[in-house]
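**Q** would you be able to build a 3D model of this:
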Amino acid sequence: MVGLEELAMLDHVLWLRSGEAAAQRLHCAQSTVSRRNTETLRCFGLEMLRENGEWELEGDQTLLRMERQVHQMHAMQLALSRI
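**A** Numbering: from 1, shown residues only. Sure thing, here's the model as predicted:
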């Protein structure tokens with residue numbers, strides 16, 4: 001299982017197309033983003049490849065999607081418990 005911070009770093013690189021832009025947005029060093037993304041991708045057995053200027057994930061993304069769902073469900077449970 002990876003944390004929200006690791007998922008955010010991966011998503012920011014995919015959305016912003018740049019590790020440097022992701023690092024600026026997340027207020028950390030680009031090397032931190034790169035290191036954490038490498039570990040996150042390894043955990044899920046994925047690779048990130050650049051194609052036509054866009055980062056794309058290669059491999060079976062089932063576990064990554066399930067991890068995102070776990071985090072979303074947890075966030076919803078927290079929100080509901082505060083009502």
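**Q** quick one: mean pLDDT for the stretch of helix or strand Arg68 belongs to?
**A** Assessed by DSSP states H and E, Arg68 sits inside helix 62-81. In this model, helix 62-81 has an average pLDDT of 93.
**Q** next one: it to chain centre, how far?
**A** Using CA atoms, centre = their mean, to the nearest Å, the distance from the centre of helix 62-81 to the centre of the chain it belongs to is 14 Å.
**Q** in it, what counts as buried?
**A** Within helix 62-81, the residues that count as buried by 16 or more other CB atoms under 10 Å are 64, 67. C-beta here means a position set from N, CA and C on the backbone, and glycine is covered the same way.
**Q** check which helices and strands that helix sits against.
**A** In this structure, helix 62-81 packs against helix 4-16, helix 30-44, with contacts taken as 3 or more CB pairs under 8 Å, 6 or more residues apart in numbering; DSSP states H and E.
**Q** what does it rub up against?
**A** Contacts to helix 62-81, defined as CB atoms under 8 Å, 6 or more residues apart in numbering, come from residues 1-2, 4, 7, 44-46, 57.
**Q** so it versus helix 30-44, what angle?
**A** If you take axes from the mean of the first three to the mean of the last three CA atoms, to 10 degrees, helix 62-81 sits at 110 degrees to helix 30-44.
**Q** what is the orientation angle of helix 62-81 with helix 4-16?
**A** Counting by the same axes, to 10 degrees, helix 62-81 lies at 120 degrees to helix 4-16.
**Q** with only the CA atoms kept, save helix 62-81 in CSV.
**A** Extracted in CSV, the C-alpha atoms of helix 62-81 (Å, rounded to 0.1, in the frame of the first residue of the first chain):
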residue,chain,number,x,y,z
THR,A,62,-5.7,-2.8,-11.7
LEU,A,63,-3.9,-2.5,-8.3
LEU,A,64,-3.3,1.2,-8.8
ARG,A,65,-7.0,1.7,-9.4
MET,A,66,-7.9,-0.4,-6.3
GLU,A,67,-5.5,1.6,-4.2
ARG,A,68,-7.1,4.9,-5.3
GLN,A,69,-10.5,3.5,-4.4
VAL,A,70,-9.3,2.5,-0.9
HIS,A,71,-8.1,6.0,-0.3
GLN,A,72,-11.3,7.6,-1.7
MET,A,73,-13.4,5.3,0.5
HIS,A,74,-11.4,6.2,3.5
ALA,A,75,-11.7,9.9,2.8
MET,A,76,-15.5,9.6,2.4
GLN,A,77,-15.7,7.7,5.7
LEU,A,78,-13.8,10.4,7.4
ALA,A,79,-16.0,13.1,5.9
LEU,A,80,-19.2,11.3,6.9
SER,A,81,-18.0,10.7,10.4
